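Chemist: give me a 3D structure for the following:
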Amino acid sequence: MGGGGWYYVPKVWTPAGGWWPTPVAWKRNTAICAFGICVVSSMIFKVSASKERRPIAPYKHIPSQRWCKHAKEDDPSLP
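Modeler: Purely as a prediction, here's the structure:
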């Protein structure tokens with residue numbers, strides 16, 4: 001009854017990948033995931049920067065004022 005040879009595999013689950021921790025295409029999979037994370041992060045950043053408003057001018061400079069769309073409207077003391 002074919003199906004290949006039999007080998008003993010302990011029934012243990014580990015988060016690191018178990019007995020075979022190196023998948024075949026791990027570099028490609030990692031690159032695809034990193035690219036996807038970068039795309040989603042940049043989309044979230046863009047939406048966040050376009051919606052950021054400060055009804056009261058901040059006491060001191062806030063780094064996000066560099067890329068905020070409405071920073072000069074909300075804080076007239078900016079250069």
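Chemist: is it true that residue 74 touches residue 64?
Modeler: No - between residue 74 and residue 64 there is no contact under Cβ atoms under 8 Å: 11.4 Å. Any C-beta I mention is one placed from the backbone N, CA and C, and that applies to glycine too.
Chemist: which one of those two has more residues nearby?
Modeler: In terms of neighbours (other Cβ atoms under 10 Å), residue 74 is the more surrounded of residue 74 and residue 64; the figures are 17 against 13.
Chemist: quick one: residues contacting the residue nearest to residue 65 when sequence neighbours are not counted.
Modeler: Distances taken as Cβ to Cβ, 6 or more residues apart in numbering put residue 71 closest to residue 65, at 4.3 Å, once the chain neighbours are dropped. By Cβ atoms under 8 Å, 6 or more residues apart in numbering, the contact set of residue 71 is 54, 65, 78.
Chemist: want to throw these into TSV with distance to residue 33 and pLDDT?
Modeler: Below are the contacts of residue 71 laid out as TSV (distance: Cβ to Cβ, whole Å; pLDDT from 0 to 100):
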residue	distance to residue 33	pLDDT
54	35	83
65	32	82
78	38	77
